[in-house]
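pasting the sequence and the predicted model now:
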There are 2 protein chains.
Amino acid sequence: MTPDLNIDKLDLQIIQQLIHDAGLSYAEMGKKLFVSAGTIHVRIKKLQDAGIIQGQRFQVDLKKLGYDVIAFIGIYLEKSSLYDTVARDLKKIPEIVRMNYTTGNYSIFAEIVCKDIGQLRTVLHDELQKIKGIERTETFISLEESLNRSVSITS
Amino acid sequence: MTPDLNIDKLDLQIIQQLIHDAGLSYAEMGKKLFVSAGTIHVRIKKLQDAGIIQGQRFQVDLKKLGYDVIAFIGIYLEKSSLYDTVARDLKKIPEIVRMNYTTGNYSIFAEIVCKDIGQLRTVLHDELQKIKGIERTETFISLEESLNRSVSITS
DNA sequence: ATTGAAAGAGTCTCAGT
DNA sequence: ACTGAGACTCTTTCAAT
């Protein structure tokens, strides 16, 4: 399925750079990695075509935009077979930004971003309670985000 | 502290675009929002200077690079006053990509990205156990990531 | 596969409105 | 505060190695 590519050391160095800061020009990155801008260009195109690199997004300071509340929600399902329908319903809530099907206590682990506690309460109390198949939820409000980085690509 | 800026509707539309896809040129974005490329440029510069927009990162398909395991770790501390020192030690583990100080059951909520279960086991068993102040941990391995998007900026 | 150079496209600045 | 045009920089292509 995935085109079989030889990812060499240079590719990994480029990925490592792009994950952490996609702001450099090809010329600058080439200088850093001791190759020409053209080579960087060819490699990045290869990585994009292979779907390894997907697209760039700006990081935004959500607090400065008034989005003050990040919370994590552990969701217990009545039956785990309900995962697909519950997941589909959860996706419709715009405040929910991430969802993982997990082992352990909870069936679904979700992350939610809100403007304030009032909005969080509305989502938890009104939106989530409407969804069939959710047994109960546990909420962990983030008081401080002390780390948010990309994984370090080494080999 | 934060420079007091009038963030108008156009700014929000630009932010909304950049959060979800930073790949468009100023000219293309201008066409979409019915202003000139120069205006987009000025606005983005203003948002960057204010620290609202911070930098772009490429999204990477970690699975294709062999990073197959995402897990969430709930960490119980012996005393919550130990948060700072434990957080400092956790940051030194490169596999840990995110850390939040939270209300509820756990004191610290962390996210970890590994190549395989063996590496996860190593981090949990060797690295985490070395850190003073951690009482115990609970691990939730992600079997499927069904959603990972940016928050929708509306007003 | 990498390079260097030329062509094309994008960013950035600024005078005018 | 927005625009359009010019200067500048970056991306993209390509012939040569």
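Good, I have the coordinates.

now the helix or strand residue A:136 falls within: buried residues?
Following DSSP states H and E, one finds residue A:136 within strand A:134-148. Residues A:134, A:139-142, A:146 are the ones in strand A:134-148 that count as buried (16 or more other Cβ atoms under 10 Å in any protein chain shown). For every residue, glycine as well, the C-beta is placed using N, CA and C.

measure how buried residue A:85 is and give me the count.
When neighbours are counted by other Cβ atoms under 10 Å in any protein chain shown, residue A:85 registers 13.

and if you look at residue A:109?
20.

before we move on, what about the one 3 residues further on?
Residue A:112 is surrounded by 25 other residues when neighbours are defined as other Cβ under 10 Å.

gap between the residue nearest the centre of chain A and residue A:107?
Chain A has residue A:98 as the residue nearest its centroid, 6.6 Å off, counting by Cα atoms, centre = their mean. Using Cβ to Cβ, to the nearest Å, one obtains 15 Å as the distance from residue A:98 to residue A:107.

does residue A:93 fall in a helix, a strand, or a coil region?
coil (DSSP: H, G, I helix; E, B strand; the rest coil).

quick one, phi/psi of the closest residue to it other than its chain neighbours?
The spatially closest residue to residue A:93, leaving aside those adjacent along the chain, is residue A:127, at 5.2 Å (Cβ to Cβ, 6 or more residues apart in numbering or on different chains). Torsion angles at residue A:127 (phi, psi; degrees, to the nearest 10) stand at phi -70, psi -50.

read off the pLDDT value for residue A:127.
As predicted, residue A:127 sits at a pLDDT of 97.

surely it is in contact with residue A:110?
No - using Cβ atoms under 8 Å, residue A:127 is not in contact with residue A:110; the gap is 11.6 Å.

neighbour count winner among these two?
Legend: neighbour count by other Cβ under 10 Å for residue A:127 and residue A:110, higher for residue A:110 (24 against 16).

next, the angle from the host helix or strand of the more buried one to strand B:134-148.
Per DSSP H and E, residue A:110 falls inside strand A:108-114. Here the directions of strand A:108-114 and strand B:134-148 differ by 80 degrees (axes from the mean of the first three to the mean of the last three Cα atoms, to 10 degrees).

buried residues, the helix or strand following strand A:108-114. List them.
Remark: after strand A:108-114, the chain's next helix or strand is helix A:117-122, criterion DSSP H and E. Neighbour-count burial for helix A:117-122, counted by 16+ other Cβ under 10 Å, picks out A:119-120.
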